[in-house]
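K.L.:
The following block contains a protein sequence and its predicted model.
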2 protein chains.
Amino acid sequence: MTTGRPVGAVLANPGSDRVRAVRRLTGRSARLREGRFVAEGPQAVTEAVDATVAAVTAGRAPVVLELYATYGAAARYPEVLEAARSVGVQARTATDQVLAAMSDTVTPQGLLAVCTLVDVPLAAVLDGRPELVAVLGYVRDPGNAGTVLRAADAAGAGGVVLSDASVDVHNPKCVRASAGSIFHLPVATGVPLVPSLRELREGGLRVYAADVSGDLDLDDLLDAAEDGEPGGLADPVAWVFGNEAWGLPHEVLVACDGVVRVPVHGRAESLNLATAATVCLYASARASRRARRRRQV
Amino acid sequence: MTTGRPVGAVLANPGSDRVRAVRRLTGRSARLREGRFVAEGPQAVTEAVDATVAAVTAGRAPVVLELYATYGAAARYPEVLEAARSVGVQARTATDQVLAAMSDTVTPQGLLAVCTLVDVPLAAVLDGRPELVAVLGYVRDPGNAGTVLRAADAAGAGGVVLSDASVDVHNPKCVRASAGSIFHLPVATGVPLVPSLRELREGGLRVYAADVSGDLDLDDLLDAAEDGEPGGLADPVAWVFGNEAWGLPHEVLVACDGVVRVPVHGRAESLNLATAATVCLYASARASRRARRRRQV
């Protein structure tokens, strides 16, 4: 074991004030009031600690404010605890019961971090000059939002935007589904959707809505990019994805540069939100890669 | 209203034997014993009725054995009830409480069908000479299985295979996530995975495992197909997807023709099962389309 070893008495009382304060962060109002949220499990906590190391090294405030580990987790992930300690965040040891009482997960896997909220203004997303952005309009399911966040990260997106009336990105289910990606790329939240589209366009992004009503076919756009036609998917794109049940309202669709449908080759009516979003984001990544390849030839 | 109007007394007792018999079908053992499962909601029930019409028209047994509708749903979906009646399946009217007691959904939306199990032997999947097949190996989450089934349908797959030790495809959550696709394409279940790969290969399919450990990059395979190289993604492919947590075991990976990784352009470690599967299935659909397009030029 290293100096990352947890310090202090073992937290063993699942009913303590501290435990209840962490548990309250499963609720949105407590998260907003406290400016904190919870990341659980080795993957999310590792990413939170990495983000903390990067932030502190850059002279910014740490992301992780409190870190809790069971004995077992402290033995399994000493490097995570040591990395946290190296930037001044000392893990506390807690029993399995305390970890379980702090979170809404049945098996929080022994690691839990209380973090500062990570969302940023839309302008901060655009400051990074992103070439790919995922915009979630009125998405209500936290698992869907987290899955799209993870897919956007995997596709190389430079940012994610959640409109007002979308789920809270700090919701525990969203954090879990994002598999750590919430700490990887800037996320703007609570953004009024239609005005944000103009900002994205002024930031150099073509704005495409993904919708089953689309008059543009994603495969045709890929064909055009493949044929070297200017514009389209090889350019910087912001993809707008709508509500799970009713999609995007008319005023949003008309405010976009185009409405794109994912082709359906079989008898399904459509894909679900997260899988459709992933196909769109990966189409952009694919077109960009092909454009780079063509420029190199 | 048409002759599709429900008949008989309104079912109003949520504790009746009939209601409890339907409700028991939420459990796997009851489904296997009875050879029946439940489809709920307008989308799934419409697809079940369509499948019944097709089956009866072709001289086969009906898929829907019992059909229940609230007054409201009977008024909203008269064409569904009429289509069922046209092939001898008469809907029964039930109260909202009875529908809720029959299903495990909070809001079953007024329509529920008791159906015969839809799974078929692997040989029956291959009889259709499919050019795209999704194989789920040891997938445990019913929502994931249903989502991949829906994505396979959307990508134009000719069949889906669930290995032994996978979730039951007739699980209510799987049926719901499939959004009706469970009635669209043949599904083989309980198949021993490694032997099935040889059968798929003998059926003319190249067998690719999707795994983060893959030495083949999906984008490179698409490039090769784009450059007109023989073999690869434009050929008939069976994609094998593994368990949510631990992927595919070594003996499965070595039994495949290749192990393919979905490229990750950002900092995410990977995609989740359903989104990774969708990207792979859509890559196959894309390569096939481009190959057809090239042949037409």
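P.N.:
Done, it's in. Source: prediction; values computed, not measured.

K.L.:
need the contact list for A:Gly15.
P.N.:
A:Ala101 (C-beta atoms under 8 Å, 6 or more residues apart in numbering or on different chains). Where you see a C-beta, it was placed from the backbone N, CA and C, and this is true even at glycine.

K.L.:
That one: which element?
P.N.:
Using DSSP states H and E, A:Gly15 maps to neither a helix nor a strand.

K.L.:
The one 4 residues further on now?
P.N.:
Here A:Val19 sits within helix A:17-24, counting by DSSP H and E.

K.L.:
Name the residues of that helix that are buried.
P.N.:
A:19, A:22-24 (16 or more other C-beta atoms under 10 Å in any protein chain shown).

K.L.:
which other residues reach the very next helix or strand once past that helix?
P.N.:
Downstream of helix A:17-24, the next assigned helix or strand under DSSP H and E is helix A:28-34. Helix A:28-34 is contacted by residues A:24-25, A:37, A:117, A:168, A:170-171 when judged by C-beta under 8 Å, 6+ apart.

K.L.:
Check which helices and strands the lowest-mean-pLDDT helix or strand in chain A is in contact with.
P.N.:
Ranked by mean pLDDT, DSSP states H and E, the weakest helix or strand in chain A is strand A:7-11, scoring a mean of 80. With contacts taken as 3 or more C-beta pairs under 8 Å, 6 or more residues apart in numbering or on different chains; DSSP states H and E, strand A:7-11 sits against strand A:92-94.

K.L.:
just to revisit the earlier point, any chance of the buried residues of helix A:17-24 in a markdown table, with distance to A:Arg201 too?
P.N.:
Listed next are the buried residues of helix A:17-24 as a markdown table, based on distance: C-beta to C-beta, whole Å:
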| residue | distance to A:Arg201 |
| --- | --- |
| A:Val19 | 47 |
| A:Val22 | 41 |
| A:Arg23 | 42 |
| A:Arg24 | 40 |
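
K.L.:
Need those in JSON lines (columns: pLDDT).
P.N.:
Below are these laid out as JSON lines (pLDDT from 0 to 100):
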{"residue": "A:Val19", "pLDDT": "96"}
{"residue": "A:Val22", "pLDDT": "97"}
{"residue": "A:Arg23", "pLDDT": "96"}
{"residue": "A:Arg24", "pLDDT": "97"}
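
K.L.:
got the residues of the stretch 151-297 of chain A near chain B?
P.N.:
Within the stretch 151-297 of chain A, the positions adjacent to chain B are A:151-157, A:177, A:179-181, A:184-185, A:219, A:222-223, A:226, A:262-272, A:274-275, A:278-279, A:282, A:285-286, A:289-290, A:293 by C-beta under 8 Å from any C-beta of the partner chain.

K.L.:
Turn the buried ones among those into a named ChimeraX selection, would you?
P.N.:
Restricted to buried positions by 16+ other C-beta under 10 Å, the ChimeraX selection for those reads:
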select /A:151,152,153,154,155,156,157,177,179,180,181,184,185,219,222,223,226,262,263,264,265,266,268,270,271,272,274,275,278,279,282,285,286,289,290
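
K.L.:
Mind listing residues that contact the helix holding A:Val19?
P.N.:
Residues contacting helix A:17-24 (C-beta under 8 Å, 6+ apart): A:11, A:13, A:30, A:34, A:38, A:66, A:68, A:98, A:101-104, A:112, A:114.

K.L.:
Quick one, which of those are buried?
P.N.:
Buried, going by 16+ other C-beta under 10 Å: A:11, A:34, A:38, A:66, A:68, A:98, A:101-104, A:112, A:114, out of the contacts of helix A:17-24.

K.L.:
Cool, thanks, signing off.
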